[in-house]
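> Structure of the sequence below:
(chains A and B)
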Amino acid sequence: MDVKKTLLVTGGTSGIGNATVHLFIAKGWNVVTCGRDTGAIAKLQSEFGDDKFLGLTADIRLENHVSSILEETRRRFGLIDVCVLNAGTLGPAPLPPVLKTDMMELRRTYETNVFANFNLMKKIAGILRSPGLIVHMTSDAAVQPYPGWGAYGSSKAAMRQLVEILREESRGTGLSAINFDPGDVDTRMHALAVPDADRNALRKTSDVALELYALILKELEVNQ
Amino acid sequence: MSRYQSGPRHQFQVWDSHLPPEFYGRSRDDVSLLVIENASGTYSSARFAELPEFLKRGDILVFNDSALVPSSLPVFDVSRRQQGWLNVGTSRLNGKILVEPRPKSFNRMQTEEGNVLAVIGNGREIELSRRHSTFSRFFWADARMGEDELREMLGRYGAPLTYDHIPFKLPLSFYSTVVSRVPGSAEFPSASRPFSRRVMASLRQKGILQAYLTLHCNLSPLEPDEFSSSPFLPDEYYEIPEATATAAEEARDSGGRVIAVGTSVVRALESSYRGRIVPGSGTTDLFIRPGRRPKSVDGLLTGLHDPESSHVEMISAFLDDSLLRSAYTTASAIGFQWHEFGDLSLIA
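Below you'll find the predicted structure:
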């Protein structure tokens, strides 16, 4: 790679986000990530050093935290090339049927998966290079009506559609936005949703990160 | 004499959340007003914008101009990998700050003396040094930083303090009011929230006076087992300007009523009352409860409070308990909303 590229991925303290951090660092990118687990962020920081990695403890549901993420990212690496909206919540678990879904829980799920991500997407667009890319981690539950997945699936569907529309609106501007469905992956969130799943049948987070990496390179190339 | 509201508005009752009226497509002054008249032992329902009709020329409304500081810090318990919130109060003791870990489950399970929590935002550690001797859910904490740094941290990483009835943190703008001016409150002085410029103008037009004082609201102990046996509440700083004390006493001398907008205003005025309202500043830990009616004010405009809260204790000092209970029961039945973004009551 000629010029060092910079990735911001939310929720890098575990699961797919964590695998993404590791892979992009290995590929020579600058990586910024944020999460609420202060211990995990500190561990990542000491593992990768200050040179190419910036770990931020933040709660993306809070507006001032999002401002702070942007400010710190900009100060360290300047503009970024790619933002992966990975952080998300499953919502109420065990998964309740729609009519048993609590209104407050539904609102809470939307607060993270829709409103926090929407706010982040809007603000991040201001520090994206051209060509720049926003990737939203979606799910087949955003399309398929799986029983029990009402809160999560509908919130993912809402954000997914916002991203699709942004993609159409941004054609020819140097900004691109895509949804990425990683499939069934062996993560804590999956274990929370489907406690009795056969883990051997699930995708490894590192394989998902590889696919994501290839997709990102292709999108950046197409938009060059 | 009830002017009950009926119709679509009360469908909101089935939504088990208590968000600001703006979330439901209404303006902030579009809330209900429960008017309780102690002298006649009656109560009625009105719209908040009709407030001037229940006041008379020469009455004076005293507002609290303290503004909310985002005092709820997101924190992480590293050893148990769990997020919680640390509500930072306004009291200080030997360099330690008054805090309350939330939610209750987090508090119960996670927190003991000596426990260290990391601030989500900058990773700084706060140690819960010692449990509060009176209010057992509170701690004295060592933030390992000065007051200025703490203030900056709250601004950068803090959020408004909320309880379980609010499903997520709202932006700070929902907590600014037409009167909020001096930052310092940990809890939201919410009684002035429904006042819009429109309502303020209609009050002025009718010759209803307005005055201001400052009282920075501290954390409030919510559980009866915490405060019922205590002779005092957590201390709060207040400041009553000379002009306010003078205007209130003059209004009263001319036959007007002094109406406190919020329980915090009653607390400040009553704390400074020496046969008349005395201007000045200080801290107060006064607990106003039934048995002794406050002398500094003639009426109170306040939200609707949980039946077992220290706020209701104060309200009960103003009126007959059975009247309050009857008014609250009816208000609840016809769809009045409780809590900080809910409906208001005028008690006079």
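> Burial check on B:Asp320, number of neighbours?
The burial count assigned to B:Asp320 is 13, neighbours taken as other C-beta atoms under 10 Å in any protein chain shown. C-beta: built from backbone N, CA, C; applies to glycine.
> my read: it touches B:Gly41, true?
Yes. Between B:Asp320 and B:Gly41 there is a contact under C-beta atoms under 8 Å: 7.0 Å.
> hang on, isn't B:Ile120 packed against B:Ser72?
No. With contact defined as C-beta under 8 Å, B:Ile120 does not reach B:Ser72; the gap is 11.4 Å.
> Whichever strand or helix holds B:Arg156: how far from the chain's middle?
For B:Arg156, the enclosing helix or strand under DSSP states H and E is helix B:147-157. Once both centres are worked out by C-alpha atoms, centre = their mean, to the nearest Å, helix B:147-157 turns out to sit 22 Å from its chain's centre.
> Any buried residues in it, and which?
Of all the residues in helix B:147-157, those buried under the rule 16 or more other C-beta atoms under 10 Å in any protein chain shown are B:Leu150, B:Arg151, B:Met153, B:Leu154, B:Arg156, B:Tyr157.
> Quick one: mean pLDDT over the helix or strand following it.
Taking DSSP H and E as the definition, the helix or strand that follows helix B:147-157 towards the C-terminus is strand B:182-185. With pLDDT averaged residue by residue, strand B:182-185 scores 98.
> now for strand B:182-185, which elements pack on it?
Contact analysis of strand B:182-185 by 3 or more C-beta pairs under 8 Å, 6 or more residues apart in numbering or on different chains; DSSP states H and E lists strand B:66-68 as its packing neighbours.
> Residues of chain A that sit close to chain B?
Residues of chain A lying near chain B by C-beta under 8 Å from any C-beta of the partner chain: A:36-39, A:41-42, A:57-59, A:61-65, A:68, A:102-105, A:107-108, A:111.
> and the nearest residue to B:Ile166 once chain neighbours are set aside, how many neighbours?
Counting by C-beta to C-beta, 6 or more residues apart in numbering or on different chains, B:Ile166 lies nearest to B:His18, which is 6.5 Å off, once chain neighbours are set aside. If you count neighbours by other C-beta under 10 Å, B:His18 ends up with 18.
> pretty sure B:His18 is in contact with B:Trp338, am I right?
Yes. Because the distance of 6.9 Å satisfies C-beta under 8 Å, B:His18 is recorded as touching B:Trp338.
> Confirm that the residue nearest to B:Ile166 sits in a helix.
No. Assignment of B:His18 by DSSP: H, G, I helix; E, B strand; the rest coil gives coil, placing it outside any helix.
> residues contacting A:Lys5?
With C-beta atoms under 8 Å, 6 or more residues apart in numbering or on different chains as the criterion, the residues that contact A:Lys5 are A:Trp29, A:Asn30, A:Asp81, A:Val82.
> who wins for neighbours among those?
Within the contacts of A:Lys5, most neighbours by other C-beta under 10 Å means A:Val82, with 27 neighbours.
> That one against A:Ile216, yeah?
Yes. Because the distance of 5.6 Å satisfies C-beta under 8 Å, A:Val82 is recorded as touching A:Ile216.
> what separates the residue nearest the centre of chain A from B:Ser332, distance-wise?
When C-alpha atoms, centre = their mean is applied to chain A, the residue found nearest the centroid is A:Asn86 (1.3 Å). Per C-beta to C-beta, to the nearest Å, A:Asn86 is found 44 Å from B:Ser332.
> can you give me the helices for chain A?
Secondary structure of chain A (DSSP state H): helices at A:15-26, A:38-48, A:63-77, A:103-110, A:117-124, A:150-169, A:188-193, A:205-222.
> Export those as a markdown table, with columns for mean pLDDT and mean neighbour count.
Rendered in a markdown table, the data for those read as follows (pLDDT from 0 to 100; neighbours: other C-beta atoms under 10 Å in any protein chain shown):
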| stretch | mean pLDDT | mean neighbour count |
| --- | --- | --- |
| helix A:15-26 | 98 | 22 |
| helix A:38-48 | 97 | 18 |
| helix A:63-77 | 97 | 18 |
| helix A:103-110 | 93 | 19 |
| helix A:117-124 | 97 | 19 |
| helix A:150-169 | 98 | 19 |
| helix A:188-193 | 94 | 16 |
| helix A:205-222 | 96 | 16 |
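> in the chain, which strand has the most residues?
By default, I'm working from chain A. The residue-count maximum for a strand in chain A (DSSP state E) belongs to strand A:128-137.
> actually it's chain B I care about, not the one you picked
Among the elements of chain B assigned as strand by DSSP E, the one spanning the most residues is strand B:82-93.
> tell me what that one is packed against?
Packing partners of strand B:82-93 (3+ C-beta pairs under 8 Å, 6+ apart): strand B:72-77, strand B:96-102, helix B:104-110, strand B:116-119, helix B:147-157.
> can you give me the mean pLDDT across the helix or strand following the fourth one?
Tracing the chain past strand B:116-119, the next element assigned as helix or strand by DSSP H and E is strand B:125-131. The predicted model assigns strand B:125-131 a mean pLDDT of 94.
> If we go by neighbour counts, what in the next helix or strand after strand B:125-131 is buried?
Proceeding C-terminally, strand B:125-131 gives way to strand B:139-142 as the next helix or strand, assigned by DSSP H and E. Of the residues in strand B:139-142, those scored as buried under the neighbour-count criterion (16+ other C-beta under 10 Å) are B:Phe139, B:Trp140, B:Ala141, B:Asp142.
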